[in-house]
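> Sequence unavailable; structure follows:
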């Protein structure tokens, strides 16, 4: 069985626009962003969903999510940041590797998550750079 795309990213076999990495987590730009600055935070250790993830990885994803939400707020000044995590196809999960979405939101914007269009590589890179500045 082939590995999931997020495992491929963790192991360097698939590209991503990395925002942050530590021993337990990796964060990168969503290639189909709901809004500019949409970041995904994943555990490096594969877990399908919240029902499979180990406690240490879950805590690490939560810490990284908070840290990057603060960076997004500082770098992009959204009116809010949606933190979203989906479990199972019926809940909308499409990549079956536990992950948290950090989605910058503007006042009055629709909460609809579809349709999503591919992010432009240059734009994703520029946004990732702005968010990374908050880590310094």
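Cool, the structure landed. Small disclaimer: the values here were computed from a predicted structure and weren't measured.

> what residues are up against the nearest residue in space to residue 80 that is not next to it in sequence?
Excluding its sequence neighbours, the residue lying closest to residue 80 (C-beta to C-beta, 6 or more residues apart in numbering) is residue 105, at 4.5 Å. C-betas here are computed from N, CA, C, even on glycine. With contacts defined as C-beta atoms under 8 Å, 6 or more residues apart in numbering, residue 105 is in contact with 35, 78, 79, 80, 81, 82, 111.

> Strands - which of those residues land there?
80, 81, 82 (DSSP state E).

> Most neighbours out of those residues, which is it?
The most neighbours of any of these, using other C-beta atoms under 10 Å, belong to residue 81, which has 20 neighbours.

> Touching, it and residue 72? I think so.
Yes - using C-beta atoms under 8 Å, residue 81 makes contact with residue 72 at a distance of 5.6 Å.

> Would you mind putting the contacts of residue 105 into a markdown table with distance to residue 42 and pLDDT alongside?
Listed next are these as a markdown table, based on distance: C-beta to C-beta, whole Å; pLDDT from 0 to 100:
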| residue | distance to residue 42 | pLDDT |
| --- | --- | --- |
| 35 | 19 | 93 |
| 78 | 22 | 97 |
| 79 | 26 | 97 |
| 80 | 22 | 97 |
| 81 | 17 | 97 |
| 82 | 17 | 96 |
| 111 | 23 | 78 |
